[in-house]
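In: Quick one, structure for this:
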Amino acid sequence: MSPAWRASVLWAFVLGGCTAFNAHSLDRAAGWHAAQVVAVGRAGDLSGTADRNCGAAGDTSARYAVVRYHNGGVHSRSLGTDRLPADTALKVGDAVYVNTLDCAAPLMTPAQRGSSSGAPSR
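Out: The predicted structure follows:
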C-alpha cells in the first residue's frame with residue numbers, strides 16, 4: 001500500500017466518523033443538552049444548589065434532581081428540576097438529556113431519547 005492510499009483511507013474514516021457523530025448529535029437549537037445527574041433528593045433540600053431552578057414552586061417534598069451540562073466553553077452549568085423521567089429511578093452519575101430552554105420539558109434518559117415530540121434528534 002502506498003502512503004497516498006493509506007492517507008486516503010485514513011481521511012475517509014475521519015470524515016465518516018464526523019458524519020456519524022453529527023447524525024447522533026442533540027438538537028441543541030431546541031435547547032437539548034447531554035447532562036449528568038449530580039444530586040437526587042427532595043426539592044426543599046436541593047433547589048438552592050442549582051444554577052437554575054426549574055422545579056414547581058412551593059412543593060418542597062417533590063422528587064428533584066440536579067444535573068450538570070455544558071453550554072459551550074469549558075464551564076458547566078447546573079439545572080434543578082422536579083420533571084423527572086417517568087418510571088425511572090435516577091441516581092447520581094446517570095446520563096440524561098435536559099432542555100435548557102423549556103423548564104416544562106422533563107429530563108430524558110438515553111433509552112427515552114427520540115420517543116417523544118420535541119426530543120433530541122437521532
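
In: the strands in the protein, which residues?
Out: Counting by DSSP state E, the chain has these strands, from start to end: 32-42, 52-53, 63-70, 76-81, 95-99.

In: Ends of stretch 86-102, what's the gap?
Out: In stretch 86-102, first residue to last residue: 18 Å (C-alpha to C-alpha, to the nearest Å).

In: Repeat that for stretch 69-85.
Out: End-to-end for stretch 69-85, by C-alpha to C-alpha: 17 Å.

In: burial count for H75?
Out: Neighbourhood size, H75 [other C-beta atoms under 10 Å]: 7. All C-beta spots, glycine's among them, are computed from the backbone N, C-alpha and C.

In: How about A86?
Out: 7.

In: quick one: it from Y64, how far?
Out: 15 Å (C-beta to C-beta, to the nearest Å).

In: hmm, back to that, and the strands of the chain, which is most packed in?
Out: Here the criterion is mean neighbour count by mean count of other C-beta atoms under 10 Å, and of those the winner is strand 95-99, at a mean of 23.

In: could you turn it into CSV, dropping everything but the C-alphas?
Out: Presented in CSV, the C-alpha positions along strand 95-99 are these (Å, rounded to 0.1, in the frame of the first residue of the first chain):
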residue,chain,number,x,y,z
ALA,A,95,-26.7,10.2,31.9
VAL,A,96,-29.8,12.2,30.9
TYR,A,97,-30.8,14.9,28.4
VAL,A,98,-32.0,18.3,29.6
ASN,A,99,-33.8,21.0,27.8
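
In: Please enumerate the helices of this protein.
Out: 3-23, 43-46 (DSSP state H).

In: Lowest average pLDDT across these?
Out: Of all the helices of the chain, the minimum mean pLDDT falls on helix 3-23 (a mean of 59).
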